[in-house]
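[1] here is the input, now give the coordinates:
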Amino acid sequence: MNTKTYFPPSELIINEDGSIFHLHVRPDQLASKVILVGDPGRVDLVASHFESKECDIQSREFHTVTGTYQGKRITAMSTGIGCDNIDIVMNELDALANIDFLTRKEKDTFRQLELVRIGTCGGLQHYTPAGTFICSETSIGLDGLLNFYEGRNAVCDLPLERALLNHLGWSGNLCSPALYAVHADKELTERIAEKDLVRGITVACGGFFGPQGRRLRIPLADPHQNEKIESFEYQGKHITNYEMESSALAGLARLLGHKATTVCMVIANRVKKEADTGYKTHIDDLIQLVLNRI
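    Numbering: from 1, shown residues only. As a prediction, the model looks like this:
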């Protein structure tokens, strides 16, 4: 007979109102279809398309609205910036779905979530100019987050990891923590990308400046990082874009048994050295596309 694990208050922190610690969302307020965005203000843009709203919750950078769109119950939630925030969001979303908050034990029936992150990114190829919509078939994390979880190797593409490390030729501090490569859920990616979104390999970085090869006043450890990443090819595929969350989302979703993928709009092309600061007027097109396909 299997004994279910008890999750003590120090590991699973539940607020006095029955909500999860950081998100301040209760289990009954979470839909099985979840749209994740970085900017808390973008949640209102997503929710503006809902026919009805059940809740509107704000806590720190985490803004959550659950409602209905064309008969589909959907939760829109902001994560803030970075893989560290995705670690919080994914673990707390899974707890809301699969842990009984009264007994503090895993539920008898597993509830699978479908998660689509809608974000912005930097294009790394000539065919990904500003305004391009990219779906991340594979995400490579330079943040090291997934290495803290057991089972990491089972959900990662180890040959791809080795190929990129060899191509980059990194040594010393740049090799620790090691990168990781994870494929997004195939069915969800096919459904969201269909035939009109660019698909590719996304690199998720642990920062916006140095980790993405941007130099301001501090010199870079590898001044040729972007050139190497742009020229990398694996099984006929190239790295299409930089962003900061997709690897943690894909990796934690696979470890937890959920379906996840990331779609981004390019707002800066690093090859052409161009940027579009007026992108906010166009990202609603991507939001509506995802709402229709999730």
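
[2] any regions of the stretch 151-294 of the chain where pLDDT drops low?
    175-177 (pLDDT under 70).

[3] tell me who's in contact with Ala275.
    Ala130, Ile267, Ala268, Asn269 (C-beta atoms under 8 Å, 6 or more residues apart in numbering). C-beta here means a position set from N, CA and C on the backbone, and glycine is covered the same way.

[4] gap between it and Ile81?
    In this view, Ala275 and Ile81 are 17 Å apart by C-beta to C-beta, to the nearest Å.

[5] the host helix or strand of Leu165 - contacts with which helices or strands?
    Using DSSP states H and E, Leu165 sits within helix 158-168. For helix 158-168, the contact count by 3 or more C-beta pairs under 8 Å, 6 or more residues apart in numbering; DSSP states H and E identifies strand 133-141, strand 180-183, helix 225-231, strand 233-234 as packing neighbours.

[6] mind doing that once more with 7 Å?
    strand 180-183 (3 or more C-beta pairs under 7 Å, 6 or more residues apart in numbering; DSSP states H and E).

[7] which elements pack onto the strand it packs on?
    strand 133-141, helix 158-168, helix 246-256.

[8] quick one: the second one to chain centroid distance?
    By that I understand helix 158-168. Computed by C-alpha atoms, centre = their mean, to the nearest Å, the chain-centroid distance of helix 158-168 equals 22 Å.

[9] same check on the last one?
    Centroid separation between helix 246-256 and its chain, computed with C-alpha atoms, centre = their mean, is 8 Å.

[10] ok, and what's touching that helix?
    Applying C-beta atoms under 7 Å, 6 or more residues apart in numbering, the external contacts of helix 246-256 come out as 83, 86-87, 90, 94, 115, 117, 136, 139-141, 143, 145-146, 149, 151, 155, 180, 182-184, 202, 204, 259-260, 262.

[11] which among those residues end up buried?
    Taking 16 or more other C-beta atoms under 10 Å as the criterion, what is buried in these is 83, 86-87, 90, 94, 115, 117, 136, 139-141, 143, 145-146, 155, 180, 182-184, 202, 204, 259-260, 262.

[12] and the longest helix along the chain, average pLDDT?
    Assignment by DSSP state H gives helix 83-98 as the longest helix of the chain. Average pLDDT, helix 83-98: 98.

[13] mind listing what the next helix or strand after that helix pairs with, with the direction of each?
    Heading C-terminal from helix 83-98, the first helix or strand you meet, by DSSP H and E, is strand 99-100. According to DSSP bridges, strand 99-100 forms sheet pairs with strand 105-106 (antiparallel).

[14] starting at the chain centroid, how far to the partner strand?
    The answer for strand 105-106 is 26 Å, by C-alpha atoms, centre = their mean.

[15] on that earlier part again, what's the helix holding Leu165 in contact with?
    So helix 158-168 is contacted by Ile140, Leu179, Tyr180, Ala181, Lys228, Phe232, Tyr234 (C-beta under 7 Å, 6+ apart).

[16] mind giving me the domain split of this structure?
    Here the domain parsing of the chain from automatic domain parsing is 1-111, 117-294.

[17] winner for burial among those domains?
    domain 117-294 (a mean of 18; mean count of other C-beta atoms under 10 Å).

[18] need the distance between the two termini of that one.
    11 Å (C-alpha to C-alpha, to the nearest Å).

[19] for the longest helix of the chain, packing partners?
    So helix 83-98, by 3+ C-beta pairs under 7 Å, 6+ apart, packs with helix 246-256.

[20] following element in sequence after the helix it packs on, please.
    strand 259-269.

[21] now the next helix or strand along the chain from that following strand, how far from the chain's geometric center?
    Scanning forward in sequence from strand 259-269 by DSSP H and E, the next helix or strand is strand 274-275. Taking C-alpha atoms, centre = their mean, one finds the center of strand 274-275 at 23 Å from the center of the full chain.
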